[in-house]
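**Q** Task: produce atomic coordinates for the following.
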Amino acid sequence: MKLYIMLAVAIAVASALIVYTVSTQNDVSPDIHTISLVSTLVENASPAIGSPDAPITLVEFGDYQCHFCHQFFVNTKDRIITDYVDTGKVRMIFKDFTIIGPDSIRAAEGSWCAQEQNLYWEYHDMLYHNWDGENTGWASDANLHRLAAMAGLDVNTWSECLNSGRYSDVISSSSDDARELDITGTPSFFAILQNQTIVNIHGAQPYEQFAQVFDSMLQ
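**A** You can find the predicted model right below:
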């Protein structure tokens, strides 16, 4: 799908930050292009962290084996949660873009199976806390089971879900959404303001870049 987007800002940093916006005229309802784009961004996504009434939704496309996704998790995510999610300004959702290897898909399936016990984010975080490189074997089935126990899951129930493959379609669809948006790497973020303005933040940018985007959108 060719997105109806207007280049707004291009900031060169160590990893390039490119910001795009999709917006409507003042006091005009979102057009069909914006509605379609928002739908692509929020479908096939994790449960949200934060208030459903938060004005901004931050969508992350990520891969559990991705080095820079891990860097975002370690260096930036908690600060966003403290300053913007816990204060009701932003809610966060995660979408799988499993491009690194088969273990990426298996780890994503593990998170979706954890959601059946309402522990999606606990397992998501456990994966990143135990990240150990790309295609190094740390996301093997044996280790995923160990992490499930550490996250407080009923491992037998979780294992049955994992072996069923019942979340393979939603994970595949989420990755297809990323390709439709012309995303070529992870992580990639989209900040959506009240379904009318969309800003794309490319890569594991420092906290300050996210704060700048959020504060600008909230003005």
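**Q** Assign a three-state SS to Phe190, would you?
**A** With DSSP: H, G, I helix; E, B strand; the rest coil as the basis, Phe190 sits in strand.
**Q** That one - how many residues pack around it?
**A** 24 (other C-beta atoms under 10 Å). Heads up, the C-betas are built off the backbone N, CA and C, glycines and all.
**Q** cool, Glu122 as well?
**A** As a burial measure, Glu122 scores 17 neighbours (other C-beta under 10 Å).
**Q** Can you verify my assumption that it contacts Ala149?
**A** No - contact between Glu122 and Ala149 fails when scored by C-beta atoms under 8 Å: they sit 11.8 Å apart.
**Q** and stretch 177-189, what's its mean pLDDT?
**A** Mean pLDDT, computed over stretch 177-189, is 96.
**Q** Please disregard the earlier target; I meant stretch 207-219.
**A** 96.
**Q** which phi and psi does the residue nearest to Gln194 when sequence neighbours are not counted have?
**A** Excluding its sequence neighbours, the residue lying closest to Gln194 (C-beta to C-beta, 6 or more residues apart in numbering) is Pro55, at 5.6 Å. Reported as degrees, to the nearest 10, the phi and psi values for Pro55 are phi -70, psi -30.
**Q** how close does Pro55 sit to Trp158?
**A** Pro55 sits 35 Å away from Trp158, going by C-beta to C-beta, to the nearest Å.
**Q** burial measure for the residue nearest to Gln194, as a count.
**A** By the other C-beta under 10 Å criterion, the neighbourhood of Pro55 contains 15 residues.
**Q** wait, what's in contact with it?
**A** Contact analysis of Pro55 by C-beta atoms under 8 Å, 6 or more residues apart in numbering lists 89-90, 193-194, 217-218.
**Q** Kindly recompute the last result at 7 Å.
**A** Pro55 makes contact with 89, 193-194, 218 under the criterion C-beta atoms under 7 Å, 6 or more residues apart in numbering.
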